[in-house]
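Novice: missing the sequence, but the structure's below:
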């Protein structure tokens with residue numbers, strides 16, 4: 001209790017600080033997490049990605065129809081053989097230090113990004129060279145056609161290809177860039193950065209927005225407030241009070257059990273901004289018993305009831321939806337191919353029989369329970385109960401999310417600190433298609449945590465990436481999902497939303513797969 005009082009006092013003190021200048025419009029925002037890492041190429045953490053969109057700009061954006069659109073790029077040409085792309089930057093683009101944005105800056109930024117991002121690595125392997133032609137023009141010369149090139153440059157989440165000055169982009173990809181100099185709509189205020197408490201941005205007076213209306217991460221990115229303050233408030237009661245009293249303007253992620261209270265509070269609006277909902281995931285360890293046994297993984301699949309998981313995770317049915325597609329529902333690659341085991345009523349007796357038939361020998365399943373991460377914690381409890389009903393021995397181990405992040409890197413047997421299952425949520429923007437879905441991989445040691453090996457899945461994925469047309473990609477996506485339902489790198493337990501809440505003094509908030517703060521206006 002004393003700790004909460006101290007936190008509340010510190011927040012109240014910060015909120016009571018005078019504005020930086022008379023007449024400034026200040027937007028105060030409660031982010032989803034504490035911003036600790038500033039380099040959005042070094043990490044794909046969502047909080048750092050959102051920070052990246054404040055400070056940096058991109059060559060292309062992705063509009064509300066999931067189509068790439070030019071952003072920093074003014075125009076481009078493609079050779080008839082589709083092997084040479086020539087890009088021309090918009091005129092008079094500037095970095096926050098006053099230096100002009102040059103083609104060389106973009107080339108260096110792309111080369112660093114391609115070392116960190118999976119889709120970027122495919123692009124790099126397909127490229128003969130990426131080079132500046134003059135200050136405003138650069139080219140990407142390919143070894144083979146790369147149909148997703150523009151989509152890669154406009155990649156909306158995960159590791160986003162943000163543009164930096166060449167001197168920063170030349171930082172080795174395995175080291176962090178700490179100087180935040182971009183060309184985006186907001187400027188990071190280094191002197192006011194307080195990790196664990198506060199991040200400050202001010203409007204970039206030199207930013208020239210595109211003329212098109214904002215759409216997703218494309219179009220106009222005009223900053224319409226003078227100053228933005230991110231205030232990290234981990235205590236829900238304190239955050240609720242700050243929003244209700246108008247001390248803050250916007251709370252990014254509101255627990256669904258608090259929504260009814262906010263709906264009764266005058267001056268508050270509740271919204272679901274992300275067009276593709278989060279996907280809950282059960283992640284198996286494929287290299288250690290007991291879930292290195294594909295028959296046992298399939299037995300668990302036959303026992304999963306998405307409705308039960310979603311009721312526990314989201315509570316309010318308005319914010320959850322059954323979805324059997326690994327890519328999310330309502331998106332171009334959505335498919336129900338192979339999902340028959342999840343459809344219809346659960347047959348626990350049949351699933352329990354499958355456990356016996358799998359040859360399961362009674363090995364303990366270590367279930368990592370992140371007690372400070374509500375979604376993961378709830379999923380851990382539901383899954384532990386399911387496994388016990390199926391006759392699988394469960395070792396439920398409670399820890400914080402940070403410990404889960406460290407523990408999931410271990411490939412050791414459970415008796416030596418390893419694990420069997422962990423849980424999480426993947427933003428819909430990171431599951432849209434096979435090229436970016438990190439947990440739907442089969443590359444073994446190179447795969448995401450759990451390290452599934454499935455050569456057929458990888459072969460289909462590569463065919464999808466290099467497919468020339470949408471209809472072929474949809475057919476391949478269905479084949480990929482059918483294969484994934486056979487080998488089960490993960491199990492999806494449906495989709496859910498994390499609503500946002502803001503004061504009715506705000507307008508112009510842009511629905512997008514990520515939180516963006518351009519176009520937002522605040523009425524005084």
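Specialist: Thanks, I have the structure now. Quick caveat, the model's predicted, so the values are computed rather than measured.
Novice: Thought residue 89 was touching residue 74, still the case?
Specialist: Yes. Counting by C-beta atoms under 8 Å, residue 89 is a contact partner of residue 74 at 6.2 Å. Quick note: C-beta positions are derived from backbone N, CA and C, even for glycine.
Novice: okay, these two: which has more neighbours?
Specialist: When neighbours are counted by other C-beta atoms under 10 Å, residue 89 comes out ahead of the other of residue 74 and residue 89, with 23 against 14.
Novice: And the pLDDT at the closest residue to that one other than its chain neighbours?
Specialist: Closest residue to residue 89 apart from its sequence neighbours, by C-beta to C-beta, 6 or more residues apart in numbering: residue 136 at 4.8 Å. Residue 136 is assigned a pLDDT of 98 by the prediction.
Novice: ok, now how distant is residue 33 from residue 405?
Specialist: 12 Å (C-beta to C-beta, to the nearest Å).
Novice: do residue 255 as well
Specialist: Relative to residue 405, and taking C-beta to C-beta, residue 255 is found at 21 Å.
Novice: For the residue nearest to residue 89, which residues are in contact?
Specialist: Counting by C-beta atoms under 8 Å, 6 or more residues apart in numbering, residue 136 makes contact with 88, 89, 91, 102, 103.
Novice: How about residue 327?
Specialist: 333, 334, 335, 431, 432, 433, 434, 437, 477, 481.
Novice: just residue 482 next, same as before
Specialist: Per C-beta under 8 Å, 6+ apart, neighbours of residue 482: 337, 338.
Novice: Quick check: which element contains it?
Specialist: Assessed by DSSP states H and E, residue 482 sits inside helix 470-487.
Novice: Check which residues of that helix are buried.
Specialist: For helix 470-487, the neighbour count (16 or more other C-beta atoms under 10 Å) marks 473-481, 483-485, 487 as buried.
Novice: What are the buried residues along stretch 407-415?
Specialist: Quick answer for stretch 407-415 (16+ other C-beta under 10 Å): 407, 408, 414.
Novice: one step back: helix or strand right after the helix holding residue 482?
Specialist: Going down the chain from helix 470-487, the next helix or strand is strand 490-496, by DSSP H and E.
Novice: what about that next one, average pLDDT?
Specialist: 96.
Novice: before we move on, the earlier item: tell me the buried residues within the contacts of residue 327.
Specialist: 333, 334, 335, 431, 432, 433, 434, 437, 477, 481.
Novice: and of the residues you listed, the nearest to residue 308?
Specialist: Set against residue 308, the nearest of these by C-beta to C-beta is residue 431 (21.4 Å).
Novice: Grab the nearest non-local neighbour of the closest one.
Specialist: Spatially, and ignoring its direct neighbours in sequence, residue 431 is nearest to residue 437 (4.9 Å; C-beta to C-beta, 6+ apart).
Novice: What of residue 302?
Specialist: Among residues not flanking residue 302 along the chain, residue 351 sits closest, at 4.1 Å (C-beta to C-beta, 6+ apart).
Novice: out of the buried ones among the contacts of residue 327, which one sits closest to residue 234?
Specialist: Set against residue 234, the nearest of these by C-beta to C-beta is residue 431 (27.0 Å).
Novice: one step back: from the buried residues of stretch 407-415, which ones fall inside helices?
Specialist: Judged by DSSP state H, the buried residues of stretch 407-415 include residue 407 as members of helices.
Novice: Take the buried residues of stretch 407-415 and lay them out in TSV including pLDDT.
Specialist: As requested, these are arranged in TSV below (pLDDT from 0 to 100):
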residue	pLDDT
407	93
408	93
414	94
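Novice: Mind jotting down where the strands sit in the stretch 101-250 of the chain?
Specialist: 127-132, 137-142, 162-163, 186-188, 198-203, 227-231, 250-251 (DSSP state E, counting those that start in this stretch).
Novice: Show me what the second one is in contact with.
Specialist: I take that to be strand 137-142. Here strand 137-142 makes contact (C-beta under 8 Å, 6+ apart) with 82-89, 103-104, 106-107, 110, 123, 126-133, 149.
Novice: Neighbours of the nearest residue to residue 339 once chain neighbours are set aside, how many?
Specialist: Spatial nearest neighbour of residue 339, excluding adjacent residues (C-beta to C-beta, 6+ apart): residue 324 at 3.6 Å. When neighbours are defined as other C-beta under 10 Å, residue 324 has 20 of them.
Novice: try the one 4 residues further on
Specialist: Neighbour count of residue 328, defined by other C-beta under 10 Å: 26.
Novice: That one against residue 430, yeah?
Specialist: No. Contact criterion C-beta under 8 Å: residue 328 and residue 430 do not qualify, at 9.6 Å.
Novice: what residues do these two have in common as contacts?
Specialist: Counting by C-beta under 8 Å, 6+ apart, nothing touches both residue 328 and residue 430.
Novice: pretty sure residue 500 contacts residue 262?
Specialist: No. The pair residue 500 / residue 262 is not scored as a contact, 10.4 Å apart, by C-beta under 8 Å.
Novice: Please say which of those two ends up with more neighbours.
Specialist: Comparing residue 500 with residue 262 by neighbour count (other C-beta under 10 Å), the higher total belongs to residue 500, at 20 against 17.
Novice: Is the more buried one bridged to anything, and to what?
Specialist: residue 271 (DSSP bridges).
Novice: what do you get for residue 203?
Specialist: With DSSP bridges as the criterion, residue 203 is bridged to residue 186.
Novice: And residue 29, by the same measure?
Specialist: Beta-bridge partners of residue 29, as defined by DSSP bridges: residue 230, residue 250.
Novice: wait, it sits on residue 228?
Specialist: Yes. Using C-beta under 8 Å, residue 29 is in contact with residue 228, at 6.4 Å.
Novice: List the contacts of residue 24.
Specialist: 226, 227.
Novice: Please report how far it lies from residue 207.
Specialist: Separation of residue 24 from residue 207 (C-beta to C-beta): 17 Å.
Novice: same deal with residue 366?
Specialist: In terms of C-beta to C-beta, residue 366 sits 50 Å off from residue 207.
Novice: Now flag whichever of the buried residues of helix 470-487 is closest to residue 382.
Specialist: Distance to residue 382 across the buried residues of helix 470-487 (C-beta to C-beta) is lowest for residue 485, with 20.4 Å.
Novice: State the distance from that closest one to residue 364.
Specialist: For residue 485, the distance to residue 364 (C-beta to C-beta) stands at 26 Å.
Novice: same deal with residue 107?
Specialist: Taking C-beta to C-beta, one finds residue 107 at 52 Å from residue 364.
Novice: The two: who's more crowded?
Specialist: With neighbours defined as other C-beta under 10 Å, residue 107 and residue 364 compare such that residue 107 has more, 21 against 14.
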